[in-house]
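Enquirer: Could you work out the structure for the sequence below:
(chains A and B)
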Number of protein chains: 2
Amino acid sequence: MKQNTTRNRRILLNSRPVGAPVDANFRIDEAPIPQAAAGQVLLRTLYLSLDPYMRGRMSDGPSYAAPVGIGETMVGGTVAKVEASQHPDYQAGDLVLSFSGWQDYAISDGTGLIKLAPDMAQPSMALGVLGMPGFTAYMGLLDIGQPKAGDTVVVAAASGAVGALVGQIARLKGCRVVGIAGGSEKCRYVVEELGFDACIDHRSPDLPAALAAACPNGIDVYFESVGGAVFDAVLPLLNTGARVPLCGMISHYNDTELPAGPDRLGLLTRTLLVKRIKMQGFIIFDDYGHRYNEFFTQMSAWLKEGKIKFREDIVDGLENAPQAFMGLLEGRNFGKLLVRVANS
Amino acid sequence: MKQNTTRNRRILLNSRPVGAPVDANFRIDEAPIPQAAAGQVLLRTLYLSLDPYMRGRMSDGPSYAAPVGIGETMVGGTVAKVEASQHPDYQAGDLVLSFSGWQDYAISDGTGLIKLAPDMAQPSMALGVLGMPGFTAYMGLLDIGQPKAGDTVVVAAASGAVGALVGQIARLKGCRVVGIAGGSEKCRYVVEELGFDACIDHRSPDLPAALAAACPNGIDVYFESVGGAVFDAVLPLLNTGARVPLCGMISHYNDTELPAGPDRLGLLTRTLLVKRIKMQGFIIFDDYGHRYNEFFTQMSAWLKEGKIKFREDIVDGLENAPQAFMGLLEGRNFGKLLVRVANS
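Expert: Below you'll find the predicted structure:
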């Protein structure tokens, strides 16, 4: 189903999920394409980024951002083309990074738009390796994780949009890097293509023993985006003085209640105490927005030098966004998940 | 029972406690006073510091320091007088800060000794406001807690050796300071003498509601040394970007098993994530030993200017150390707990 030149398709939040999202939580809607007024631009979406944080926006529990309202368009980062402009800074044909959500067209007054180079060979990179996931990997690892040469760095979701970059940056810093990923194909990719020292399949029944064997000197930095059984395997291996940047907890996003006991909250804080560990949550643009240029410059240089590889998992068609997003929460994607809404 | 000039009384770890320590876990022993060989000094204890961390040394579970062996002398910081010296840097009569443990006499080769001013009016201060507890308060609050004027700082064990100083330093930095302490007498002291803005009795059945009422703008820094119900009351009040320095968990030291569920480990990490909180354990001399002089200079200046008050809870007689220590774990002390082993 292709973009249309008269109607705007939007994917709305139809109801709040209880546990894992299902089809019925989304609804597709069509409306006339809005028109840009004075000071506005009309954007047409080329790529929509799908990211785990979106699960949080579907719920109305306390989180770091306001939830999407029922009947509102699902939020998300996009690469879009300016179709029409009544804004002095933009003209038709400009390529921009936007936050215009799960829809074909959107109106913007320019707030938050970032212009992309018109000749950008692969504009989807602005949503991955050069965008939010890359920035998250870079700052979380380097600023909170403070890796030193020789440290053991463990990376959850190691073949994903963030984890794949965390591990490669840690290798550039001289660390021993152990990934954790779902399935042998992803693990092979992480070691053979991305150059991690080892990768453990989190589906393996002996995850704790396998991880311990891959980390004979313990863990100095654990880059957390998963939680659950992966964190349980990591916790006893953390070294004195370890750092734990925390950017996500994908294994818990669909939880409807707390797991059964015993209550290990005190066990965690006691571990942080006796091992003098720093654990720190962060939300990339809120905490580090002022350092985006530093990241962009360094990551662009590494890409140019061939030091960083990345992989995209592209799904065609806006109407397939809900299914792709449900798969993301189950780890069915392989690389940065994107929806190609239009070819150009 | 006084110090003797021929026999050395030592309090030994007799057996490892299961849960709260009891009398039978300690044993008093007498032996001839040891003699200083070449390069050594003989120390005579004046003050012994009693501190919560000693509970950890009585157990052989994993912790940040090796446990005391069964039949060995209990460890602890002391202020001592040099009785005899075969060491070029010390002479009889010198006053030193030492780590010579629960005994009347000890031999030292000088390692770790710090000379105190011979005219120090109140040498016990070297074990409290100017020693480990003061240093813990200063660095934990200022370096990890990063308080800003206007922040709300909550301090557990607010009348204790560390907490009383944390709160006063936070007040000097322009923060709103709310203490948590056990009983109305301690709470009154914390507000009226130490100048905290409020103090909540942790024995109050409505601790969560009372704390929430005292923190209308939430909590920006929580200085943790307690855990348990106090932390449970704090957790939902932590603001986005909060900092949680973690120097102890006294409410858990006697635990023999994990509490019943549900398991709130994931709830804690999720809170750290969505509110971008930093939680960091530290062990003062391991993490900040190189900054002791900075602390000592600043705290001495504040004391001279009358900006910091402190309170000591002094128990006479080495033989009373075990009872006093058991009371410390139950919050029966009021101020920095010390044993006066000899008057001079």
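Enquirer: Which pLDDT value does the model give the residue of the stretch 201-344 of chain A at minimum distance from chain B?
Expert: Proximity to chain B, evaluated over the stretch 201-344 of chain A using Cβ to the nearest Cβ, is greatest for A:Gly261 at 1.6 Å. Every residue, glycine included, has its C-beta placed from N, CA and C. Note on A:Gly261: pLDDT of 90.
Enquirer: ok, now how distant is it from B:Pro259?
Expert: According to Cβ to Cβ, to the nearest Å, A:Gly261 stands 7 Å off from B:Pro259.
Enquirer: Who has more neighbours out of those two?
Expert: B:Pro259 (16 against 13; other Cβ atoms under 10 Å in any protein chain shown).
Enquirer: secondary structure class for the more buried one?
Expert: coil (DSSP: H, G, I helix; E, B strand; the rest coil).
Enquirer: Now it. Nearest residue, chain neighbours left out?
Expert: In this structure, B:Pro259 finds its nearest non-sequential neighbour in A:Asp263, 4.7 Å apart by Cβ to Cβ, 6 or more residues apart in numbering or on different chains.
Enquirer: So the one you found, which state does it fall into?
Expert: coil.
Enquirer: gap between the two ends of stretch A:55-66?
Expert: Length of stretch A:55-66, first residue to last, Cα to Cα, to the nearest Å: 12 Å.
Enquirer: buried residues in it?
Expert: A:55-59, A:63 (16 or more other Cβ atoms under 10 Å in any protein chain shown).
Enquirer: How far off centre is that stretch?
Expert: 16 Å (Cα atoms, centre = their mean, to the nearest Å).
Enquirer: Residues contacting it, please?
Expert: Outside stretch A:55-66, the residues that touch it by Cβ atoms under 8 Å, 6 or more residues apart in numbering or on different chains are A:13, A:16-17, A:21, A:25, A:67-68, A:74-75, A:250, A:253-254, A:283, A:286, A:329, B:240, B:274-276.
Enquirer: now these: which count as buried?
Expert: A:13, A:17, A:21, A:25, A:67-68, A:74-75, A:250, A:253-254, A:283, A:329, B:274-276.
Enquirer: Of those, which is the nearest to B:Val153?
Expert: B:Lys275 (16.5 Å; Cβ to Cβ).
Enquirer: All the strands of the stretch 51-200 of chain A, in order from the start?
Expert: A:78-85, A:95-98, A:105-108, A:114-116, A:152-155, A:176-181, A:198-201 (DSSP state E, counting those that start in this stretch).
Enquirer: Give me whichever of the ones you listed is most buried.
Expert: Among these, strand A:152-155 has the highest mean neighbour count (mean count of other Cβ atoms under 10 Å in any protein chain shown), at a mean of 29.
Enquirer: Can you give the distance of that one from its chain's centre?
Expert: On Cα atoms, centre = their mean, the centre of strand A:152-155 falls 18 Å from the chain's centre.
Enquirer: partner strands of it, parallel or antiparallel?
Expert: strand A:176-181 (parallel), strand A:219-223 (parallel) (DSSP bridges).
Enquirer: interface residues of the stretch 101-250 of chain A facing chain B?
Expert: In this structure, the stretch 101-250 of chain A approaches chain B at residues A:224, A:227-228, A:231, A:240, A:246-249, judged by Cβ under 8 Å from any Cβ of the partner chain.
Enquirer: Give me the residues contacting stretch A:21-29.
Expert: Contacts of stretch A:21-29 (Cβ under 8 Å, 6+ apart): A:9-17, A:55, A:58, A:74, A:254, A:319, A:322-323, A:325-326, A:329.
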